[in-house]
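Q: no sequence on hand, only this structure:
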């Protein structure tokens with residue numbers, strides 16, 4: 001008897017598996033016909049699979065009723081089939097039911113009920129449902145506001161690559177809407193949406209990077225070097241090339257942070273790639289003073305010094321002379337270097353060139369003359385002493401104060417607490433903040449464009 005029961009249980013399970021496979025096959029055939037536009041032929045197959053309890057078929061049949069594909073359009077019928085699929089945890093059915101109650105489509109508008117469906121959809125893995133649930137909770141539009149939970153749901157949506165959530169989170173972290181301001185997180189979210197072609201994200205990211213630049217300069221003004229450099233590097237990383245230049249300037253000068261020639265070169269290089277002239281000049285300055293450079297860096301530095309020298313710039317001529325006696329620049333020319341230094345010293349009165357010229361002249365004299373030269377050439381040059389002379393002479397062009405300091409104050413993104421006289425208002429989370437956020441998200445493309453929205457609906 002136990003054996004017979006076991007066989008019956010096994011047969012029942014086998015029939016269930018077979019039935020499930022059959023329903024899936026029916027749906028697959030119907031889906032293929034529907035994708036080909038043959039809705040009349042698709043309908044009986046999808047309906048049979050839906051009536052048999054296959055959730056994806058139930059969702060598909062609901063969508064056919066929603067749009068009138070192969071059947072008379074009926075939002076009521078669509079909702080009923082969505083509810084059947086949602087009862088089985090179908091993510092998109094849960095999301096669509098959320099939309100129906102959110103926007104009052106075929107039912108009385110009920111934001112609380114909509115939020116319930118959105119949250120269930122989010123738990124089932126639907127990123128759009130998570131985004132809409134987050135919007136409702138952050139704005140408190142028809143539901144009890146819960147910013148912490150709203151942000152958590154939006155972050156789940158953003159992790160599922162929903163660009164609207166990424167843009168909204170950028171705004172939230174930029175403005176501190178119920179969360180601490182965090183420029184790094186805001187810029188990260190904007191960058192992720194920008195990578196998918198969202199122009200609004202690119203514009204907001206660049207605007208925020210400019211604000212971070214201003215804060216970095218204000219921090220430098222207060223001699224908070226490490227924090228200033230952190231903010232400038234952050235703005236630089238997100239395309240604000242003036243921040244790249246100023247980060248390089250700080251590292252090159254070594255006044256409020258430790259001097260770092262290679263770090264300066266990297267910052268200037270980032271600015272120079274955007275054809276920022278001060279950045280390119282700064283890169284040359286760092287290279288002349290001994291920073292490690294690529295072949296392109298060295299060639300650019302030689303070209304810059306040559307151009308400046310041709311224009312009559314004595315610093316440019318001095319540095320070009322220095323380059324002519326350093327093998328790494330590949331323009332070795334001892335006689336040419338001495339000529340440039342002599343012209344600078346005697347004809348133009350540029351004192352920094354005088355001592356190097358006299359040292360080179362003395363080193364070139366025969367030993368018998370009492371000079372300091374050697375038959376092996378000026379080996380002291382190859383030992384790097386000429387780099388020291390280059391530093392002593394200064395850089396290619398004066399690095400002026402233009403753009404160095406800002407009249408702005410701290411926006412609240414830095415971990416540094418400024419003096420009370422420089423502090424910015426802390427702001428707050430108020431009904432106006434909610435209104436501002438509602439206005440912002442109205443500019444972001446909403447999902448469910450196929451649904452006709454009522455006039456004045458903030459989600460459309």
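A: Structure's in. What do you need? Bear in mind that the values here come from a model prediction, so they are computed numbers and not experimental data.

Q: just give the nearest non-adjacent residue to residue 274, would you?
A: residue 241 (4.2 Å; Cβ to Cβ, 6 or more residues apart in numbering). For the C-beta atoms, the positions are set from N, CA and C on the backbone; glycine is no exception.

Q: quick one: contacts for that neighbour?
A: 270-271, 274, 276, 279 (Cβ atoms under 8 Å, 6 or more residues apart in numbering).

Q: now it: how far from residue 234?
A: 13 Å (Cβ to Cβ, to the nearest Å).

Q: just checking, what packs against the helix or strand where residue 47 lies?
A: Taking DSSP states H and E as the definition, one finds residue 47 inside helix 39-51. For helix 39-51, the elements it packs on are helix 2-35, helix 55-67, judged by 3 or more Cβ pairs under 8 Å, 6 or more residues apart in numbering; DSSP states H and E.

Q: could I get the average pLDDT for the last one?
A: Going back to what we said before, that points to helix 55-67. Per-residue pLDDT over helix 55-67 has a mean of 96.

Q: what residues sit buried inside that helix?
A: 55-66 (16 or more other Cβ atoms under 10 Å).

Q: columns distance to residue 44 on top of these, output as JSON lines?
A: Converted to JSON lines, those look like this (distance: Cβ to Cβ, whole Å):
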{"residue": "55", "distance to residue 44": "19"}
{"residue": "56", "distance to residue 44": "16"}
{"residue": "57", "distance to residue 44": "11"}
{"residue": "58", "distance to residue 44": "15"}
{"residue": "59", "distance to residue 44": "17"}
{"residue": "60", "distance to residue 44": "13"}
{"residue": "61", "distance to residue 44": "11"}
{"residue": "62", "distance to residue 44": "16"}
{"residue": "63", "distance to residue 44": "16"}
{"residue": "64", "distance to residue 44": "12"}
{"residue": "65", "distance to residue 44": "15"}
{"residue": "66", "distance to residue 44": "19"}
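
Q: which helix or which strand is home to the spatially most central residue of the chain?
A: The residue lying closest to the centre of the chain (Cα atoms, centre = their mean) is residue 191, at 2.8 Å. Using DSSP H and E, residue 191 falls within helix 183-194.

Q: and the next helix or strand past that helix?
A: Using DSSP H and E, the first helix or strand after helix 183-194 is helix 199-221.

Q: which strands and helices sit next to the helix or strand just after that following helix?
A: Remark: after helix 199-221, the chain's next helix or strand is helix 225-237, criterion DSSP H and E. Packing contacts for helix 225-237, counted by 3+ Cβ pairs under 8 Å, 6+ apart, involve helix 183-194, helix 199-221, helix 241-253, helix 261-272.

Q: centre of the chain versus helix 225-237, how much separation?
A: 15 Å (Cα atoms, centre = their mean, to the nearest Å).

Q: re earlier: ok, now which ones touch the nearest residue to the residue nearest to the centre of the chain once chain neighbours are set aside?
A: In space, and not counting its chain neighbours, residue 191 is closest to residue 205: 6.0 Å by Cβ to Cβ, 6+ apart. Contact partners of residue 205, counting by Cβ under 8 Å, 6+ apart, are 170, 187, 190-191, 194, 238-239.

Q: okay if I get those residues as CSV plus pLDDT and distance to residue 72?
A: Formatted as CSV, the contacts of residue 205 follow (pLDDT from 0 to 100; distance: Cβ to Cβ, whole Å):
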residue, pLDDT, distance to residue 72
170, 97, 43
187, 96, 50
190, 96, 45
191, 95, 47
194, 95, 44
238, 93, 52
239, 90, 53
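
Q: who wins for neighbours among those residues?
A: residue 190 (29 neighbours; other Cβ atoms under 10 Å).

Q: quick one: residues contacting residue 187.
A: 170, 205, 208-209, 212, 234, 237-238.

Q: closest to residue 345 out of these?
A: residue 237 (43.6 Å; Cβ to Cβ).

Q: where does pLDDT dip in the protein?
A: Scanning the chain with the threshold set as pLDDT under 70 gives 1-21, 366-411, 417-436, 439-460.

Q: 50 instead?
A: 1-18, 20, 369-393, 398-402, 421-428, 445-460 (pLDDT under 50).

Q: for residue 54, phi and psi?
A: phi -80, psi 110 (degrees, to the nearest 10).

Q: gap between stretch 45-53 and the chain center?
A: That offset, for stretch 45-53, works out to 46 Å (Cα atoms, centre = their mean).

Q: buried stuff in it?
A: 45-50, 52.

Q: check stretch 201-215 too.
A: So for stretch 201-215, counting by 16+ other Cβ under 10 Å, buried means 201-202, 204-206, 208-215.

Q: so which helix or strand takes in residue 239?
A: Going by DSSP H and E, residue 239 is not part of any helix or strand.

Q: so who does it touch?
A: With Cβ under 8 Å, 6+ apart, residue 239 has these contacts: 205-206, 209.

Q: can you tell me how far it is from residue 207?
A: Taking Cβ to Cβ, one finds residue 239 at 11 Å from residue 207.

Q: got it, and residue 169?
A: On the measure of Cβ to Cβ, residue 169 and residue 207 end up 16 Å apart.

Q: before we move on, what about residue 93?
A: 39 Å.

Q: for stretch 246-256, buried residues please.
A: 246-252, 256.

Q: got the contact list for it?
A: Here stretch 246-256 has contacts from 213, 216-217, 220, 223-225, 228-229, 232-233, 236, 257, 259-261, 263-268, 271, 279, 282-283, 285-286, 289, 399, 403-404, using Cβ under 8 Å, 6+ apart.

Q: then stretch 106-123?
A: Contacts for stretch 106-123 (Cβ under 8 Å, 6+ apart): 75-76, 78-79, 86, 89, 91-92, 94-95, 97-103, 128-130, 132-133, 136-137, 141-143, 153, 156-157.

Q: distance from the chain centre to it, please.
A: 32 Å.

Q: and residue 31, what does it touch?
A: Here residue 31 is in contact with 42, 46, 60 (Cβ under 8 Å, 6+ apart).

Q: can you lay out those residues as a markdown table showing distance to residue 326?
A: Below are the contacts of residue 31 laid out as a markdown table (distance: Cβ to Cβ, whole Å):
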| residue | distance to residue 326 |
| --- | --- |
| 42 | 76 |
| 46 | 77 |
| 60 | 73 |
